[in-house]
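coordinates only, sequence not included:
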């Protein structure tokens, strides 16, 4: 298992490298630029801005300079004046033997083109925790609703419980977040006035956006859980376990449910990465200052460092969650080996 994890981590470096190259080339092949305005700036001003942000250099120099700032750590001495161009994500104080006030700094994603005093790392520090909390809460709600609903529907197949459960799941799939979110705002925020309509900062402000985001995904998990569990219940080893006289509870929990979770875990991994890195629609409707809007505004504004940073962030979460999913496979099914 240890060797497998090391191999996957090495592959992660290669995948992130390829994603960075493709993203870098695609975003610069799109017409327009970061300083394009409806009212055009003077050519001298654009030239100065391009020189300031190294956009007048050849593409390979721009790429190597940008990736070098992210990958290569640096050691600084003394206090450094805050600077958006040299803002590092990790700042680790070193022992006195390395020098006075020596600090190891790593992962500089660069400044944003739309704010002189803000860097991409500032966006990560300020907005990513908010999206992470919202996404984690939505995932918990999705699992808490979807899995019991799918299990109950599978065990009570073709009964009123199955019809109600799958009817609820069908409703969740049919109504996207852009519809359920305003409905929740109207009933709980405007009519009942028990929850804030928008904003962020306490548990109450988290309930509606997490529920709106979690309910849609709960419907997907419920349908997948039901289909997977029904397939497992028809396997020969389930009939053998029942023939041995094992209690039905043991057959379901120990033999059937554990194996049926493999498809669910496969979906939950990428879903987690998508939720915790920001969801544009929910964050916009509820006025949540998360990462979601930067995924959209950075592209429309040609903000190259933000585009690269958000894409690499999402890719990192996606690769790590897929690795955790593969490790979970070995726990769910002892027949799976990675040695």
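Nice, thanks for sending it over. If you're wondering where the values come from, they're calculated on a predicted model, not measured in any experiment.

hey, which helix is longest across this protein?
Among the segments of the chain that qualify as a helix by DSSP state H, the longest is helix 120-155.

residue boundaries of the strands in the stretch 151-300 of the chain?
Secondary structure of the stretch 151-300 of the chain by DSSP state E, counting those that start in this stretch: no strands are present.

that one: helices as residue ranges?
When secondary structure is read from DSSP state H, counting those that start in this stretch, the stretch 151-300 of the chain shows helices at 160-174, 177-184, 203-233, 236-243, 248-250, 258-276, 280-285, 292-300.

skipping adjacent residues, who's closest to residue 8 in space?
residue 323 (5.1 Å; CB to CB, 6 or more residues apart in numbering). Using the backbone N, CA and C atoms, a C-beta is placed for each residue, glycine as well.

confirm the one you found sits in a helix?
Yes: if the criterion is DSSP: H, G, I helix; E, B strand; the rest coil, then residue 323 is within a helix.

can you give me the neighbour number for it?
17 (other CB atoms under 10 Å).

again with the one 10 residues further on
Neighbours of residue 333 under the rule other CB under 10 Å: 13.

so what pLDDT did it get?
The pLDDT attached to residue 333 in the predicted structure is 73.

from residue 149, how far out is it?
24 Å (CB to CB, to the nearest Å).

pLDDT below threshold where in the stretch 51-200 of the chain?
Low-confidence segments of the stretch 51-200 of the chain (pLDDT under 70): 82, 84-85.

mind redoing it with 80?
Scanning the stretch 51-200 of the chain for pLDDT under 80 picks out 78-86, 96-101, 115-117.

over to the stretch 201-339 of the chain?
If you take pLDDT under 80 as the line, the stretch 201-339 of the chain has these spans: 330, 332-339.

show me how far stretch 198-205 is from its chain's centre.
How far stretch 198-205 lies from its chain's middle: 20 Å, per CA atoms, centre = their mean, to the nearest Å.

contacting residues around that stretch?
Here stretch 198-205 makes contact (CB atoms under 8 Å, 6 or more residues apart in numbering) with 130, 185, 195, 196, 206, 285, 286, 287, 288, 289.

surely residue 293 meets residue 280?
Yes: under the criterion of CB atoms under 8 Å, residue 293 lies in contact with residue 280, with a separation of 5.9 Å.

thinking again about what came up before, for the longest helix of the chain, list every residue counted as buried.
Burial within helix 120-155, assessed by neighbour count using 16 or more other CB atoms under 10 Å, is assigned to 120-124, 127-128, 130-135, 137-139, 141-143, 145-147, 149-155.

any idea how far residue 202 is from residue 195?
Separation of residue 202 from residue 195 (CB to CB) stands at 11 Å.

between the two, which one's more packed in?
The neighbour count for residue 202 versus residue 195, taken as other CB under 10 Å, is higher for residue 195 (16 against 9).

what's the distance between the more buried one and residue 118?
As judged by CB to CB, residue 195 and residue 118 stand 31 Å apart.

same check, this time on residue 127
Residue 127 is 11 Å from residue 118, where distance means CB to CB.

one more: residue 303?
Computed with CB to CB, the distance linking residue 303 and residue 118 is 11 Å.

repeat for residue 239
Computed with CB to CB, the distance linking residue 239 and residue 118 is 62 Å.

out of those two, which sits in the busier spot?
Using other CB under 10 Å as the criterion, residue 239 and residue 118 rank with residue 118 on top: 15 against 12.

what are the phi and psi angles of residue 64?
With angles defined as degrees, to the nearest 10, residue 64 sits at phi -60, psi -40.
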